[in-house]
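what's the 3D shape of this:
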Amino acid sequence: MSLLLKKPEILGTSDGDQVATQLASVLQRAANDEDRTLVRDCMIAAAIASPAAGKQTALVSLSSYWQSDSDEQIRRDLKLAQSFPENDVPKLIIESQMAEVTRELESPSDRTLERVELITEFGQLAPPHFFRDQFSLSLSVTSDVAYMFWRGVIADRLSTLAVEDAAALIDTALQLVTAPSTLKLRKTDLLMLVTELLATQPAAKQAAITQRMCELLWHAVDIVRNSAANAISFLRPRANLGDVRIHINAGIHEYLSKVGVGTFQQYRPVVDALVANKDLWNEGSSRSMSQLAVTLSSNETLRGAALDLFESIDKFDDGDRPDVINALIMIKTVQTDLADRAQQVLRRIAPGSERLGTEYRETSVVDGDEDKTKLNIRSAMYGAEGHAWKDVTSVLSAKIQNGKLRVPITNAELGGDPVPNVVKQLEVTYSEGGQTYQKTIPENEMLSVPEP
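Below you'll find the predicted structure:
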């Protein structure tokens, strides 16, 4: 040591190899921190300035310390090495920390996080895609605790990821979601990660990712479908809403036929996710959902689910209305615990139909040959709340003349008094010019369609 302190240039001579070898032994015997620091600094110098053999000896010794030393000591070595003219020791120090991060992949600790932060700080010394590769590997670690550690590390660095690195991470996550594996409980979170990375990608890539996630709603494997259903609520606020709308409706159009009485429970999370995004449905999707609800209503155990769907649909297609009303009347009649809800939907889509028995008929329409340009009575009920009601649909239909209807709402005109000594009203639903209308007319007033 005394020779080195007096003549540091000795490291560059043939004696430098001998000095480097002796330093390694001295460092192991150092009695206190001050001595250890001095010897350590000399070894850094030896690793930089000694001939090949001495340099290798110093690096081997230092590498063993770099595996376990504190972040503070590693940083000190790094800054000291950088203070010398251009040399490769700073890069070797960072590479040693990278190797430790990789080794600790399955069992990370706070020390791992310090290494990650050091590599980030001196990123110019690391390979360009180190974090991309490390993070991609971390998504499939065996331990859920390790996964959550790395998930947090990724979340903290989303804004610093290069576009191509984020794209690679997205592809890895999507592959893991669809790959047969034991990572069942992780699939939803992997899709959440995809949505978090979405903003890092150009518009075309975002659209493709959105399409892929929407398509997963119809995957053959239950856990994949369910994970996609859970992730849609995270995708929607981050993706282009127009892209989500296109692919939600495309999926309903192409795949909803898979869902029926026998498969509904398997697809229920998907259906629930679709209902939660019903504002994105187009007319075709609303009609498909309406038809699914009618199908489900035939099964006693699924009538509640059918009613949930009926309640979610804002507007029913005229061609489906009779089947929908019949299904709701049946639910109201045979399932007393659902009767009030079914009645509310009936009241909304066809006032008066909720008072019918177990079958509904549109007597103004024969075999579906409705001329939508003409006046058609879809339903008409005459009676009073809390009392009996009478179906007068056919009575009113027969009174249409030249596309017009003008009828006083009286017992005589409507074929009798369903509730004597009680003030009654007419509740009528009719269509004209392709539009559907509803009216309530008190007894002894005039129903005029169109309005005079």
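
count the neighbours of Thr178 for me.
Using other Cβ atoms under 10 Å, the number of residues around Thr178 comes to 16. For glycine as for every other residue, the C-beta is placed from the backbone atoms N, C-alpha and C.

I meant Gly386, not that one.
Gly386 sits with 7 neighbouring residues when counted by other Cβ under 10 Å.

which residues in the chain form strands?
All strands of the chain, identified by DSSP state E, fall at 376-383, 389-391, 405-408, 425-432, 435-442, 446-449.

winner for burial among the ones you listed?
Stretch with highest mean neighbour count among these: strand 376-383 (a mean of 25; mean count of other Cβ atoms under 10 Å).

ok so, going back, let's have the strands of the chain in a markdown table, adding distance to Arg151.
Formatted as a markdown table, the strands of the chain follow (distance: least, Cβ to Cβ, whole Å):
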| stretch | distance to Arg151 |
| --- | --- |
| strand 376-383 | 56 |
| strand 389-391 | 61 |
| strand 405-408 | 67 |
| strand 425-432 | 55 |
| strand 435-442 | 52 |
| strand 446-449 | 63 |
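
of the ones you listed, which shows the lowest average pLDDT?
Mean pLDDT values for the strands of the chain show the minimum at strand 389-391, a mean of 80.

sheet partners, orientation included, of it?
strand 376-383 (antiparallel) (DSSP bridges).

that older thread, of all the strands of the chain, which one is nearest Asp279?
strand 435-442 (21.3 Å; Cβ to Cβ).

helices or strands next to the closest one in the packing?
Strand 435-442 sits against strand 425-432, strand 446-449, with contacts defined as 3 or more Cβ pairs under 8 Å, 6 or more residues apart in numbering; DSSP states H and E.

will you turn the ones you listed into JSON lines that also has distance to Arg245?
Rendered in JSON lines, the data for these read as follows (distance: least, Cβ to Cβ, whole Å):
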{"stretch": "strand 425-432", "distance to Arg245": "29"}
{"stretch": "strand 446-449", "distance to Arg245": "37"}
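
test my guess that Leu307 contacts Leu338.
Yes. Here Leu307 reaches Leu338: they are 5.5 Å apart, a contact under Cβ atoms under 8 Å.

which one's more surrounded, the two?
A side-by-side neighbour count of Leu307 and Leu338, using other Cβ under 10 Å, places Leu307 first with 23 against 16.

which residues do Leu307 and Leu338 both contact?
Residues touching both Leu307 and Leu338 by Cβ atoms under 8 Å, 6 or more residues apart in numbering: Ile331.

now Asn87: how far from Gly54?
Remark: distance between Asn87 and Gly54 (Cβ to Cβ, to the nearest Å) = 14 Å.

between those two, which one's more packed in?
When neighbours are counted by other Cβ under 10 Å, Asn87 and Gly54 differ, and Gly54 comes out ahead with 26 against 15.

next one, pLDDT for the more buried one please.
For Gly54, pLDDT reads 72.

tell me where the stretch 101-250 of the chain has helices.
Assigned by DSSP state H, counting those that start in this stretch, the helices in the stretch 101-250 of the chain fall at 110-121, 130-138, 144-156, 163-178, 187-197, 203-215, 222-235, 241-255.

pull out the buried residues from the last one.
By neighbour count, and taking 16 or more other Cβ atoms under 10 Å as the criterion, the buried residues in helix 241-255 are Asp243, Val244, Arg245, Ile246, His247, Ile248, Asn249, Gly251, Ile252, Tyr255.
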